[in-house]
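K.L.:
Fold the following for me, if possible:
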Amino acid sequence: MPIPLVECVPNFSEARRPEVVEAIVQAISSVPGIYLLDRHSDVDHNRTVLTLAGRPADTVEAVFMGIAKAADLIDLNQHRGEHPRIGATDVVPFIPLSGVSMQECVELARNLGKRVAEELDIPVYLYEEAATSPERRNLENIRRGEYEALRDEIATIPERAPDYGPKKLGPAGATVIGARHFLVAFNVYLNTEDVAIARKIAKAIRYSSGGLRYVKALGMLVEGRAQVSLNLTNFQETPIPRVVEMIRREAARYGTAIHHCELVGLIPEAAILDAAVWHLQLDQFEPDQVLERRLEVARQATAKSEIGAPDAFLDALAAASPAPGGGSASAYSGAAGAALVAMVARLTIGKKKYAAVEARMIAILERAEALRRSLSAAVEEDAAAFEAVMQALKLPKGNPVEIEIRQRAIDQATIQAGRVPLGVARQAVEVLELAAEAVTYGNINAISDAASGAAQARAALTGAGYNVQINLLNLGSQPEAEQMLLELTELVKKAGEIEEKARVQLRERGGLSLL
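P.N.:
Numbers count the residues shown, from 1 in each chain. Coordinates of the predicted model:
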């Protein structure tokens with residue numbers, strides 16, 4: 001099973017103060033398990049695009065830290081640049097990489113949006129796949145008139161009210177958060193400084209004014225040269241070579257040509273291969289003819305996960321080391337519960353006897369598989385969170401400044417070490433709910449499997465609860481710690497209510513009792 005990974009490409013409205021960009025990067029990089037894959041700053045745009053990837057929970061936490069730091073350091077009232085913007089953190093898209101669905105990325109976007117609004121008091125708009133209305137799918141509609149227009153209209157025009165947060169703009173502006181497919185950011189520079197030509201070409205090729213599908217384009221002046229700035233939202237349907245060649249022909253109309261092209265951030269390998277195939281006319285080309293791809297397939301065929309295989313995980317759990325420990329074991333139990341629910345759903349779907357509940361079983365199957373992926377990932381996430389606490393405890397404490405830095409690091413790592421099992425507890429209760437539905441409506445021949453899934457979910461909740469408590473024990477009366485413990489209490493209460501209903505159904509349908 002692939003490790004759940006998401007990509008996030010936050011855009012920050014700053015490039016002319018390197019120290020500010022570096023502070024944002026450091027805030028993001030402070031979260032364990034995050035891979036900062038690329039950073040691209042454009043002084044004329046006065047904008048920095050970061051590309052990071054990681055497990056879903058880690059990525060959300062890292063982006064939140066970056067948004068918070070940008071809000072502290074960037075004042076939109078003082079910001080000027082070629083690129084349109086409405087916020088210090090202007091746009092934050094989540095993109096599924098592996099083991100994560102688009103719907104899960106939508107949930108990440110919405111959860112982050114709520115948190116940014118509640119904790120940072122920043123208005124948040126949802127776009128693309130996470131949009132709450134068709135008009136807000138397109139970023140251009142939300143960003144119309146930029147920060148200055150939104151500042152004047154957000155409180156008085158209903159259509160401009162945010163999805164989350166206040167109807168007013170502070171110095172950090174607003175942030176647009178969403179989920180989307182891969183986007184290729186691509187700039188084409190022309191052999192002219194006449195920006196009017198770039199604007200005419202942009203109008204000719206962008207979809208909104210009659211051009212190519214999945215192409216967004218602006219004309220601007222960058223580094224003394226006319227530039228056509230592109231966002232290609234579906235390179236499979238509208239390949240990069242087609243876009244570039246159309247720009248080349250349009251430029252020729254005005255007596256100019258392409259000087260060079262520039263990639264902003266990262267690009268999927270498939271997009272580069274498509275361009276190579278197009279230009280070289282490799283009509284019979286197959287992707288597995290790339291040497292590195294063939295080698296990776298061979299490597300994966302013989303590789304074994306260090307912790308993913310059951311025997312390997314149990315060996316690691318039994319070893320004389322504190323991690324993986326109870327938190328990882330709880331996540332593993334929750335994943336097993338979700339797997340059993342998925343099994344029961346599959347044994348129900350397609351059976352005439354259960355046709356009336358098939359649609360619900362399909363939904364249960366989809367959610368159970370998503371939970372199984374997430375809880376499987378939490379096996380390692382819990383171990384990593386514990387390791388971060390250990391690393392914080394090793395920081396120097398020779399003077400007051402070092403002591404303060406060390407304590408802050410310990411507190412942050414400890415909170416994260418509580419968040420991971422609390423996340424497991426939340427998901428365990430959701431697995432328990434799905435298991436209860438499987439007991440009630442699923443294939444009667446698999447009712448004991450559904451009940452076993454419920455038992456595994458309950459074990460996950462119990463074990464995760466112990467780990468939440470032990471990690472937060474030394475944090476005292478910190479508000480977040482108190483809120484987490486309160487949530488844990490509510491989850492345990494909710495689990496009891498679910499079990500009581502399942503107990504009745506188990507006895508009536510199968511003659512069994514929930515132990």
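
K.L.:
Could you pull out the buried residues of the longest strand along the chain?
P.N.:
Secondary structure of the chain per DSSP state E: the longest strand is strand 89-98. Residues Thr89, Asp90, Val91, Val92, Pro93, Phe94, Ile95, Pro96, Leu97 are the ones in strand 89-98 that count as buried (16 or more other Cβ atoms under 10 Å). (C-beta placed from N, C-alpha, C; glycine too.)

K.L.:
What strands flank it, and is each parallel or antiparallel?
P.N.:
strand 5-8 (antiparallel), strand 11-12 (antiparallel), strand 175-179 (parallel) (DSSP bridges).

K.L.:
if we can go back for a sec, closest one of the buried residues of strand 89-98 to Pro396?
P.N.:
Thr89 (32.6 Å; Cβ to Cβ).

K.L.:
That closest one and Pro10 touch, don't they?
P.N.:
Yes - applying Cβ atoms under 8 Å, one finds Thr89 in contact with Pro10, separated by 5.9 Å.

K.L.:
Mind listing the shared neighbours of those two?
P.N.:
Between them, Thr89 and Pro10 share these contacting residues under Cβ atoms under 8 Å, 6 or more residues apart in numbering: Gly66, Ile67.

K.L.:
does Ala335 belong to a helix or a strand, and which?
P.N.:
Using DSSP states H and E, Ala335 falls within helix 326-348.

K.L.:
Could you grab the helix/strand/coil label for His181?
P.N.:
coil (DSSP: H, G, I helix; E, B strand; the rest coil).

K.L.:
For the helix or strand that contains Val244, C-alpha coordinates in CSV please.
P.N.:
Using DSSP H and E, Val244 falls within helix 240-253. Below are the C-alpha coordinates for helix 240-253, written out as CSV (Å, rounded to 0.1, in the frame of the first residue of the first chain):
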residue,chain,number,x,y,z
ILE,A,240,2.8,22.1,-23.1
PRO,A,241,4.2,21.9,-26.7
ARG,A,242,0.8,22.9,-28.1
VAL,A,243,0.7,26.0,-25.9
VAL,A,244,4.2,27.0,-26.7
GLU,A,245,3.7,26.6,-30.4
MET,A,246,0.6,28.7,-30.3
ILE,A,247,2.5,31.4,-28.5
ARG,A,248,5.3,31.1,-31.1
ARG,A,249,2.8,31.7,-33.9
GLU,A,250,1.0,34.5,-32.2
ALA,A,251,4.3,36.2,-31.5
ALA,A,252,5.3,36.0,-35.1
ARG,A,253,2.1,38.0,-36.0
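
K.L.:
buried sites along that helix?
P.N.:
Within helix 240-253, the residues scored as buried using 16+ other Cβ under 10 Å are Ile240, Pro241, Arg242, Val243, Val244, Met246, Ile247, Glu250, Ala251.

K.L.:
ranking the strands paired with strand 89-98 by burial, who's on top?
P.N.:
A comparison of these by mean neighbour count, using mean count of other Cβ atoms under 10 Å, puts strand 175-179 on top with a mean of 28.

K.L.:
Next secondary structure after that one?
P.N.:
strand 184-190.

K.L.:
Packing partners of the next helix or strand after that next one?
P.N.:
Using DSSP H and E, the helix or strand that follows strand 184-190 in sequence is helix 195-205. Secondary-structure packing of helix 195-205 (3 or more Cβ pairs under 8 Å, 6 or more residues apart in numbering; DSSP states H and E): strand 184-190, strand 215-222, strand 225-232, helix 240-253.

K.L.:
got any ranges where the stretch 251-400 of the chain has weak pLDDT?
P.N.:
Applying pLDDT under 70 to the stretch 251-400 of the chain picks out residues 299-312.

K.L.:
what's the single longest helix in this structure?
P.N.:
If you go by DSSP state H, the chain has its longest helix at helix 400-441.

K.L.:
Show me how far it is from its chain's centre.
P.N.:
17 Å (Cα atoms, centre = their mean, to the nearest Å).

K.L.:
and what of stretch 390-401?
P.N.:
32 Å.

K.L.:
Return it as PDB; C-alpha atoms alone will do.
P.N.:
What follows is stretch 390-401, C-alpha atoms only, in PDB (Å, rounded to 0.1, in the frame of the first residue of the first chain):
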ATOM      1  CA  MET A 390      13.500  13.000  22.000                       C
ATOM      2  CA  GLN A 391      15.400  15.400  19.700                       C
ATOM      3  CA  ALA A 392      14.000  18.400  21.500                       C
ATOM      4  CA  LEU A 393      15.100  17.000  24.900                       C
ATOM      5  CA  LYS A 394      18.600  16.800  23.500                       C
ATOM      6  CA  LEU A 395      18.900  20.500  22.700                       C
ATOM      7  CA  PRO A 396      21.400  22.500  24.700                       C
ATOM      8  CA  LYS A 397      20.400  24.300  27.900                       C
ATOM      9  CA  GLY A 398      23.500  26.100  29.000                       C
ATOM     10  CA  ASN A 399      22.100  29.600  29.200                       C
ATOM     11  CA  PRO A 400      18.700  31.300  29.600                       C
ATOM     12  CA  VAL A 401      18.200  31.800  25.800                       C
END
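
K.L.:
got a list of contacts for it?
P.N.:
Contacts for stretch 390-401 (Cβ under 8 Å, 6+ apart): Glu402, Ile403, Ile405, Arg406, Ala409, Ile410, Gln412, Ala413, Thr414.

K.L.:
Okay, domains of this protein per the record?
P.N.:
As recorded under automatic domain parsing, the domains making up the chain are 5-179, 184-289, 326-510.

K.L.:
For Gly334, see how far away Ala459 is.
P.N.:
Distance from Ala459 to Gly334, counting by Cβ to Cβ, to the nearest Å: 8 Å.

K.L.:
Which of those two has more residues huddled nearby?
P.N.:
Each of Ala459 and Gly334 had its neighbours counted (other Cβ atoms under 10 Å), and the higher figure belongs to Gly334 (35 against 18).

K.L.:
so what's the more buried one closest to, chain neighbours aside?
P.N.:
Nearest non-adjacent residue to Gly334, counting by Cβ to Cβ, 6 or more residues apart in numbering: Ala460, 3.4 Å away.

K.L.:
what's the spacing between the strand or helix carrying that neighbour and its chain's center?
P.N.:
Ala460 belongs to helix 447-472 when elements are defined using DSSP H and E. Helix 447-472 has its C-alpha centroid displaced from the chain centroid by 26 Å (Cα atoms, centre = their mean).

K.L.:
Which residues does stretch 187-195 contact?
P.N.:
197-198, 201, 219-222, 224-230, 244, 247, 251, 254, 256-264.

K.L.:
Give me the buried subset of these.
P.N.:
197-198, 201, 219-222, 225-230, 244, 247, 251, 254, 256, 258, 264.

K.L.:
can you count the residues close to Leu317?
P.N.:
18.

K.L.:
contacting residues around it?
P.N.:
Applying Cβ under 8 Å, 6+ apart to Leu317 gives the contacts Pro324, Gly325, Ser328, Ala329.

K.L.:
now, among these, which is nearest to Lys352?
P.N.:
Nearest member of the contacts of Leu317 to Lys352, counting by Cβ to Cβ, is Ala329, at 40.2 Å.

K.L.:
that older thread, can you dump the C-alpha coordinates of the longest strand of the chain into CSV?
P.N.:
In CSV, the C-alpha atoms belonging to strand 89-98 read as follows (Å, rounded to 0.1, in the frame of the first residue of the first chain):
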residue,chain,number,x,y,z
THR,A,89,-0.2,33.9,1.8
ASP,A,90,-2.1,34.2,-1.4
VAL,A,91,-3.0,30.8,-2.5
VAL,A,92,-2.6,27.3,-1.0
PRO,A,93,-3.4,24.3,-3.2
PHE,A,94,-3.2,20.6,-2.0
ILE,A,95,-2.5,18.0,-4.7
PRO,A,96,-2.8,14.2,-4.2
LEU,A,97,0.5,12.4,-4.8
SER,A,98,0.0,8.8,-3.6
